[in-house]
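> Pasting a predicted model and its sequence here:
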Amino acid sequence: MRPKLLTMEEAADLLNVSASQMYALLRRGEIRAFQLGGRGQWRIDPPDLDAYIEESKQRTAAELHVMD
């Protein structure tokens, strides 16, 4: 069964960031998302949010390693 697509607000809540921070991440292309419908509502596939989290962890670890 396919997981439910997340709204921008749901994804922001999961990341514990504001809606405006989430929107900035989407607009910069840091989180893979798409717009649908005539009103252009954003949707995020949960595996794409998971991928963003993992990439962020790896980027942070690499930056910390460089600082050693």
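Sure, I can see it. Numbers count the residues shown, from 1 in each chain.
> Excluding sequence neighbours, find me the nearest residue to residue 25.
Excluding the flanking residues, the one nearest residue 25 by CB to CB, 6 or more residues apart in numbering is residue 31, at 4.8 Å. C-betas here are computed from N, CA, C, even on glycine.
> ok, how many other residues are close to the one you found?
22 (other CB atoms under 10 Å).
> Quick one: low-confidence residue ranges for the protein.
67-68 (pLDDT under 70).
> what's near enough to touch the residue nearest to residue 25?
The contact partners of residue 31, taken as CB atoms under 8 Å, 6 or more residues apart in numbering, are 11, 22, 25, 44, 48, 49, 52.
> Alpha carbons only: can I get the helix or strand where residue 52 lies in PDB?
Assigning secondary structure by DSSP states H and E places residue 52 in helix 46-67. Coordinates of each C-alpha in helix 46-67 appear next as PDB, following Å, rounded to 0.1, in the frame of the first residue of the first chain:
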ATOM      1  CA  PRO A  46       7.100  10.400   2.600                       C
ATOM      2  CA  PRO A  47      10.200   8.600   1.000                       C
ATOM      3  CA  ASP A  48      11.300  11.900  -0.400                       C
ATOM      4  CA  LEU A  49      11.100  13.500   3.100                       C
ATOM      5  CA  ASP A  50      13.000  10.600   4.500                       C
ATOM      6  CA  ALA A  51      15.700  11.100   1.800                       C
ATOM      7  CA  TYR A  52      16.000  14.800   2.700                       C
ATOM      8  CA  ILE A  53      16.500  13.900   6.300                       C
ATOM      9  CA  GLU A  54      19.200  11.300   5.500                       C
ATOM     10  CA  GLU A  55      21.000  13.700   3.100                       C
ATOM     11  CA  SER A  56      20.900  16.300   5.900                       C
ATOM     12  CA  LYS A  57      22.400  13.900   8.400                       C
ATOM     13  CA  GLN A  58      25.200  12.900   5.900                       C
ATOM     14  CA  ARG A  59      25.900  16.600   5.100                       C
ATOM     15  CA  THR A  60      26.100  17.500   8.700                       C
ATOM     16  CA  ALA A  61      28.400  14.500   9.600                       C
ATOM     17  CA  ALA A  62      30.700  15.500   6.700                       C
ATOM     18  CA  GLU A  63      30.800  19.100   7.800                       C
ATOM     19  CA  LEU A  64      31.600  18.000  11.400                       C
ATOM     20  CA  HIS A  65      34.300  15.700  10.200                       C
ATOM     21  CA  VAL A  66      35.900  18.500   8.200                       C
ATOM     22  CA  MET A  67      35.900  20.600  11.400                       C
END
